[in-house]
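**Q** this one's sequence-less:
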């Protein structure tokens, strides 16, 4: 990547190296009687170890704030504590509360939350699921999330693409399947930790959908401790211009050792980030303040 059209003079470089999502170099000029100096300062932002992307993931507010519920038929999602209507677990696996379904007849119940997955970061989703079914588990053919029609007694947890119909079971709409029951599964599943790596969806929003359908008998599906951990992908400046130079070009080399890195995006003087590859040469830098920034990206499905 070469950037032309920015006249420049001599340069002085001060840099630091480290890992973070966005690495920057600032260029500032200072005029004396005969010399213009170009100052380049590497700016490394803080590394975030966890992003609060799930709202009320442990249901410890004692309600379903932050979640969207969609029901058809009888019943809905509730927040419970202790042994509520014979749930599979006498106590929530974590904290005081968990979410569970309850019904008085056939119904279909969705619990959803939209997750904004930042570009340039890894994203790991975990949760604890458990259930107690009072009728044999079965998935209809063709598959559906409707309580109307063929026998349908199932529990499933999936990641949908943004904009997908919330009750869609089309393969094109389901990005990840964390869990689903099938015919022959036991009537009770004790708390089980589920996990999904959502890094390939970085740079987009997705929908976490937790669904339970029952038209054969009572079905208590439960979930707790929903957590999304996001970690920025390290970007390191490997080479920057020398401390003082009369060269007409500024060269920046950079890298990332993170296994999920699929490329880089660069920005010059506040322009929008665009795809770039190391090394980047900036040409014709004028007197004044200029800034070069680079970030690693990790996305395969939505790049």
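**A** Sure thing, it's come through. A quick note: this is a predicted structure, and the numbers were derived from the prediction, not measured.
**Q** The stretch 101-250 of the chain: strands as residue ranges?
**A** Listed in chain order, the strands of the stretch 101-250 of the chain (DSSP state E, counting those that start in this stretch) span 107-117, 121-133, 153-161, 174-180, 188-197, 204-214, 219-232, 236-239, 249-255.
**Q** now those strands in CSV, with distance to residue 290 and mean pLDDT?
**A** For every residue, glycine as well, the C-beta is placed using N, CA and C. Shown next, in CSV, are the strands of the stretch 101-250 of the chain (distance: least, CB to CB, whole Å; pLDDT from 0 to 100):
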stretch, distance to residue 290, mean pLDDT
strand 107-117, 31, 97
strand 121-133, 27, 94
strand 153-161, 39, 98
strand 174-180, 40, 98
strand 188-197, 38, 95
strand 204-214, 31, 97
strand 219-232, 24, 93
strand 236-239, 16, 86
strand 249-255, 9, 86
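**Q** Tabulate the ones you listed (JSON lines), appending mean neighbour count and distance to residue 296.
**A** Shown next, in JSON lines, are the strands of the stretch 101-250 of the chain (neighbours: other CB atoms under 10 Å; distance: least, CB to CB, whole Å):
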{"stretch": "strand 107-117", "mean neighbour count": "21", "distance to residue 296": "15"}
{"stretch": "strand 121-133", "mean neighbour count": "22", "distance to residue 296": "9"}
{"stretch": "strand 153-161", "mean neighbour count": "23", "distance to residue 296": "23"}
{"stretch": "strand 174-180", "mean neighbour count": "16", "distance to residue 296": "22"}
{"stretch": "strand 188-197", "mean neighbour count": "14", "distance to residue 296": "17"}
{"stretch": "strand 204-214", "mean neighbour count": "23", "distance to residue 296": "17"}
{"stretch": "strand 219-232", "mean neighbour count": "23", "distance to residue 296": "9"}
{"stretch": "strand 236-239", "mean neighbour count": "15", "distance to residue 296": "9"}
{"stretch": "strand 249-255", "mean neighbour count": "19", "distance to residue 296": "8"}
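**Q** want to try CSV for those strands, with distance to residue 54 as columns?
**A** Putting the strands of the stretch 101-250 of the chain into CSV (distance: least, CB to CB, whole Å) gives the following:
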stretch, distance to residue 54
strand 107-117, 7
strand 121-133, 8
strand 153-161, 13
strand 174-180, 14
strand 188-197, 13
strand 204-214, 8
strand 219-232, 5
strand 236-239, 30
strand 249-255, 32
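**Q** Would you confirm that residue 257 contacts residue 233?
**A** No. Counting by CB atoms under 8 Å, residue 257 does not reach residue 233; the two are 9.4 Å apart.
**Q** Mind checking which of the two has more residues around it?
**A** The residue with more neighbours, out of residue 257 and residue 233, is residue 233; 26 against 11, by other CB atoms under 10 Å.
**Q** how far away is that one from residue 263?
**A** As for residue 233, its distance to residue 263 is 11 Å (criterion: CB to CB, to the nearest Å).
**Q** Next, show the common contact partners of the two.
**A** Common contact partners of residue 233 and residue 263 (CB atoms under 8 Å, 6 or more residues apart in numbering): 296-297.
**Q** Residue 237 bridge partners, please.
**A** According to DSSP bridges, the partner residues bridging residue 237 are residue 254.
**Q** my guess is it meets residue 256, correct?
**A** No. Residue 237 lies out of contact with residue 256 (CB under 8 Å); the separation is 10.9 Å.
**Q** Now do the shared contacts for those two.
**A** By CB under 8 Å, 6+ apart, no residue touches both residue 237 and residue 256.
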